Structure formats: structure tokens, C-alpha cells
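Peer 1: predicted model follows, preceded by the sequence.
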Amino acid sequence: MTIVTRFAPSPTGYQHLGHAYAALFAFAAAKDANGRFLVRIEDIDPTRCRPAFEQQIYADLAWLGIEWETPVRRQSDHLDAYRDALSALEARNLTFPCFCTRKDIEAEITAAGGAPHGPDGPVYPGTCRHFSTDERQSRIAAHEPHAIRLDMEAALNETKALTWHDLGIGERLAAPEKFGDVVLARKDTPTSYHLAVTLDDHLQGVTLVTRGMDLVEATDIQRLLQSLLGFDVPTYHHHPLLLGSDGKRLAKRDQSKTLKALRDEGVTPDDVKLMIAGMTNA
Ligand code: GLU
């Protein structure tokens, strides 16, 4: 079987060493196995993504000596595909429209005296799950903005115990219930991160998903979506996150030096690889 890996950045800022590590990790996993390496641009959030950041991603990757297949899949070009996958789940009554605002959800949680904390934040209290079909239809007809959520209980009733395999961690039993009724389509776009990633990894024939440890929990929900949609299950390899000298993970919002800035200072791709090696062996 040909190994297919991918690097799936969101063009919401300039990339730093953590992105270089993730990209080189995925690229090496493909090359070492004579496999294929893909880049996917995860730009479903129109408020945060910028074409200039996307262009810089390509420039950074090329500078690092990474080669990828073209055309690159850009998620914003495939909204219809996400809509279709969503419709398939809707037709099986596995979803419901959610009209809540962030404030409504907070108020409901406060009134209930709290909510369990899931990987994406407090678990949705289920406010809109019990609406009648009539109520849903009339609110949609009135153009009330709404997200689409997975009905977690209904989804779990359709699946058996699910596992996935990670080359580092080993076999893992998925526990998607900790997400509650996760959002599958946001109010402003007909998908969410989890749905888009699951569908794309399937459509692109990705066999080995490599990404940072911060997404380990996300794999449980993506595994559930794979099962509901009848997709093959890739192997996973979640790698450690690079930490700065303060012991905190590098993040776009921090002052961590961007690859662009390092390059402008005269740092070479080999220097970058040495810096990463120093940080991962620490
Ligand atoms: N787009 C995600 C990010 O930039 C990565 C998604 C993934 O690798 O599954 O964090």
C-alpha cells in the first residue's frame, strides 16, 4: 500500500518552527516509505484566513526543500462536498439545527450549574436538540442563523466501540462522547474543522495522518465521523509539539519567530532543521 501523508495548515498567520516541524515530519513519513505527500489549505474560516498567508506557506515549504503534489486542495473550493456529506447525516436524523448564540449557551450552562469540559470547551447543554420538527422548520424558514450539530446520542447508537491506531501511542479506544453534540457546520460556513478534515482525508486517500499531539482528542470525533460516513480509517502519528524556551508550545499568536523572519535574518533551512532537532531532543 502506498503511504499518503499530508500537511494541512490554516492560512491564518505566518508559520513558525512548529509548522516547519509538522511539515517536515509528514514529508519524511511519505518519502521514507516511497509514498506521496500532499498539502491541504484549511481555509474554511473566511474571517481569519488570508491569501497572503497561503502564499507564504508555499514559499516556506519550498524553502525547506519540501515537494508536494499539485493541485493543492483548498477547503474553501469544496464547500459543496462538505454540504453533501452533511446532508447524508441529516437525512439519517443524526444532526439538528442549533440556533443558540454563544451567550445563550453560556446562560444555559450557568443556569444548569455548569457543564462538563470537552476537548473543544464546555459541552453543549443540548438546548436545541429537543425542538420539534415544526419549530426547527419555522425558525429555518424565518432565516434564523443556525449551526448544524451532530446528535451525539443518535450517532453513538449507530456505531459500535471504535478504535484507531497511532504509531507513537498505539491502539486507542475512541471516546467521542466527551465532545457532546459537536458542531458539523458553523453558522457562517457549511462545514466545521472536524467534518472538513474527515472528508478531505478520505477523498484525498490519506493513509497516514501526522499532526501535533494537540489534535489527539480530535481524532476520536473524526473516527466517529469516518464510521458514520463509511470511510476507511487511516493510521495516525501524533507528534510532540515544539516548546519555546519558556516551556510553552509555540503558537502563532505569540512572538515566536516566523520562518519568514528567520529566513530574512539569514538562517538557512539546515539551521532550521538543527533548531528543530535541538528542540525535539531536549
Ligand atoms: N488545520 C489544522 C491546523 O492548522 C490541522 C488539521 C489537521 O492536521 O488535522 O491546526
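Peer 2: Yes, it's here.
Peer 1: the ligand contacts on the stretch 51-200 of the chain?
Peer 2: Contact residues, the stretch 51-200 of the chain versus the ligand (CB under 6 Å from any ligand atom): Val197. Placement of C-beta: from N, CA and C, glycine included.
Peer 1: might you report the residue contacts of the residue of the stretch 51-200 of the chain found nearest the ligand?
Peer 2: The nearest approach of the stretch 51-200 of the chain to the ligand comes at Val197, 4.7 Å away (CB to the nearest ligand atom). Listed by CB atoms under 8 Å, 6 or more residues apart in numbering, the contact partners of Val197 are Ala8, Glu42, Ala218, Gln222.
Peer 1: what's the answer for Asp214, then?
Peer 2: For Asp214, counting by CB under 8 Å, 6+ apart, the contacting residues are Leu241, Arg249.
Peer 1: what values do phi and psi take at the spatially most central residue of the chain?
Peer 2: By CA atoms, centre = their mean, the mean C-alpha position of the chain lies nearest to Tyr193, the distance being 4.6 Å. The phi and psi values for Tyr193, taken as degrees, to the nearest 10, are phi -50, psi -50.
Peer 1: please report which of the contacts of Val197 has the highest neighbour count.
Peer 2: Gln222 (27 neighbours; other CB atoms under 10 Å).
Peer 1: can you pick out the most distant pair from the contacts of Val197?
Peer 2: Farthest pair in the contacts of Val197 (CB to CB) is Glu42 and Gln222. Separation: 13.3 Å.
Peer 1: please enumerate the helices of this protein.
Peer 2: Taking DSSP state H as the test, the helices found in the chain are 17-31, 51-63, 79-91, 102-111, 133-141, 152-157, 193-203, 216-229, 259-264, 269-280.
Peer 1: how far away is Gly18 from Arg211?
Peer 2: Note on Gly18: its distance to Arg211, by CB to CB, to the nearest Å, is 11 Å.
Peer 1: do Thr127 as well
Peer 2: 32 Å.
Peer 1: what's the burial count for the closest residue to Asp220 other than its chain neighbours?
Peer 2: Leaving aside its sequence neighbours, Asp220 sits nearest to Ala174 (CB to CB, 6 or more residues apart in numbering; 4.1 Å). Close neighbours of Ala174, defined as other CB under 10 Å, add up to 20.
Peer 1: give me the neighbour count for His130.
Peer 2: With other CB under 10 Å as criterion, His130 counts 8.
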